[in-house]
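> Generate a structure from the sequence data that follows.
(one chain, ligands or ions: 1)
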Amino acid sequence: MPPTVTTQPPLYDTADAVARIAAASRRTQQPQSRADLVSLAMGEPDFDTPQRVTEAAQASLGAGRTHYSPLLGEPLLREALAAKLAGIAQAPVSAADILITQGGTAGLAASILGIVNPGDKVVIPDPTYSLYGDLVAMAGGTVVPVPLAPDLHWDLDRLADALADAKLFVFCNPVNPTGIVHSREELEVLADLLDGTPTIVISDEAYADLDYTGRPFTSAISVEGLRERTLYCQTFSKSYAMTGWRVGYLWGPSPLIQASARVHNTFNGSVNTVVQDAALVAVESCAEDVARMRAAYEERREIMRAELTAIPGLTLSAPEGAFYQFPRYDLDLPSVEVVAALRTTYGVAVRPGSEFGAQGEHHLRLSYAAGPEAIVEGVRRLADGLAALR
Ligand SMILES: Cc1ncc(COP(=O)(O)O)c(C=O)c1O
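Have a look, this model is predicted:
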């Protein structure tokens, strides 16, 4: 007689939202690092946080600033950010419409969960930063990925089609993973496409200070027709080498900020007081540090590009901003397999292009936030690995 099969209910019945994220997520967990591994995988500056920021945090602790901060954030920090954004937007910016967040991640989470209802259509470029799709899945929305043009900029015809009836369009500029910078002209076309629609835009400008095009960087909030519909998402992580501090901010139309604040406060309460005191010093007096690190990344970009050009079978992206190269390779192997082989056998860690969207397949994401020696050695190992996989 066959054994009787009884279906047991799961021991711990977790939320559908968790299953939706797991089903949608393309994110790969970085395996444990090894001493002999060269990593070009991390989107993380190898610089220390500027000293005066660290000192400000120590002074704040010494002054006993260890109590709850206001729910939208410290007033002095919000005032300083409003003044900075007014310069970028070339329009009045009220500190009342700034929400300090637990890094860019929580800013994106608060804004997406504050906007998206189950079933809502959310357009994202493909490939793009992988968190957006996961957050839309968490909210129960439907992600509509729009493949990029061959030069990795937006395919405006496809974007126009996809944006019909979209509740939200989420993008980053400069772009993780492609390193592309969207120009003022592209943003103006986006404004025209959305004219007369209620579609909301989230512009994630985490890498705004890392633009090597020689043109002034164009923020979405400086473009007429986008500003009124855009939630601007920013973080201190990249510009100020403050990834571990977990501080960022949102600015946008008051009702959208109120909605985001409701979600953010429910998840996080207020943001760490000492960290906000330190962030104020970053905004007010670290412009030279930002410029110094940016200049270093620009040099590293050249080092990486020169090393990569010598590798047969790689098509390079135009690295205009952020600190990423997104080369396409000509092997008939999925990027997760290439990445696993490079890591295990050749001792170099990079990210699979498929992590950032189906169209990212057959690409690798390399970060030049690593130091120059790591870049040269890492690309040498990449070249050996790709040659052996042929
Ligand atoms: C485009 C983009 N936005 C947001 C973030 C998240 O930044 P944070 O460290 O502030 O959470 C990242 C981090 O890699 C990113 O690449």
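
> Give the burial count for Glu337, as a bare number.
Neighbour count for Glu337, taken as other C-beta atoms under 10 Å: 12. (Each C-beta comes from the backbone N, C-alpha and C, glycine too.)

> Please tell me how far it sits from Val181.
Glu337 sits at a distance of 31 Å from Val181 (criterion: C-beta to C-beta, to the nearest Å).

> do Gln102 as well
Using C-beta to C-beta, Gln102 is found at 27 Å from Val181.

> For Gly140, which residues are in contact?
17, 20, 116-119 (C-beta atoms under 8 Å, 6 or more residues apart in numbering).

> Which one of those residues is nearest to the ligand?
Proximity of those to the ligand was ranked by C-beta to the nearest ligand atom; the top entry is Val116 with 17.4 Å.

> show me what contacts the closest residue to Asp97 other than its chain neighbours?
Excluding the flanking residues, the one nearest Asp97 by C-beta to C-beta, 6 or more residues apart in numbering is Ile257, at 4.9 Å. The contact partners of Ile257, by C-beta under 8 Å, 6+ apart, come to 97-99, 231, 250-251.

> farthest pair in those?
Ile98 and Leu231 (11.5 Å; C-beta to C-beta).

> ok, these two, which is more surrounded?
Between Ile98 and Leu231, counted using other C-beta under 10 Å, the more crowded position is Leu231 (29 against 25).

> ok now do the more buried one, which residues does it touch?
Applying C-beta under 8 Å, 6+ apart, we find Leu231 in contact with 111, 115, 200-203, 250-253, 256-257, 260.

> Of the residues you listed, select the buried ones using a ChimeraX command.
With 16 or more other C-beta atoms under 10 Å as the burial test, the buried ones among these are selected in ChimeraX as follows:
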select :111,115,200,201,202,203,250,251,252,256,257,260
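
> residues from this protein in reach of the ligand?
Contact residues (C-beta under 6 Å from any ligand atom) of the chain with the ligand: 43, 103-105, 129, 172, 176, 204, 206, 235, 237, 243, 248.

> Put together JSON lines for these, with pLDDT and secondary structure on each row.
Formatted as JSON lines, the residues of the chain next to the ligand follow (pLDDT from 0 to 100; DSSP: H, G, I helix; E, B strand; the rest coil):
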{"residue": "Gly43", "pLDDT": "88", "secondary structure": "coil"}
{"residue": "Gly103", "pLDDT": "98", "secondary structure": "helix"}
{"residue": "Gly104", "pLDDT": "98", "secondary structure": "helix"}
{"residue": "Thr105", "pLDDT": "98", "secondary structure": "helix"}
{"residue": "Tyr129", "pLDDT": "97", "secondary structure": "coil"}
{"residue": "Cys172", "pLDDT": "98", "secondary structure": "strand"}
{"residue": "Asn176", "pLDDT": "97", "secondary structure": "coil"}
{"residue": "Asp204", "pLDDT": "98", "secondary structure": "strand"}
{"residue": "Ala206", "pLDDT": "98", "secondary structure": "coil"}
{"residue": "Thr235", "pLDDT": "98", "secondary structure": "strand"}
{"residue": "Ser237", "pLDDT": "98", "secondary structure": "coil"}
{"residue": "Thr243", "pLDDT": "97", "secondary structure": "coil"}
{"residue": "Gly248", "pLDDT": "98", "secondary structure": "strand"}
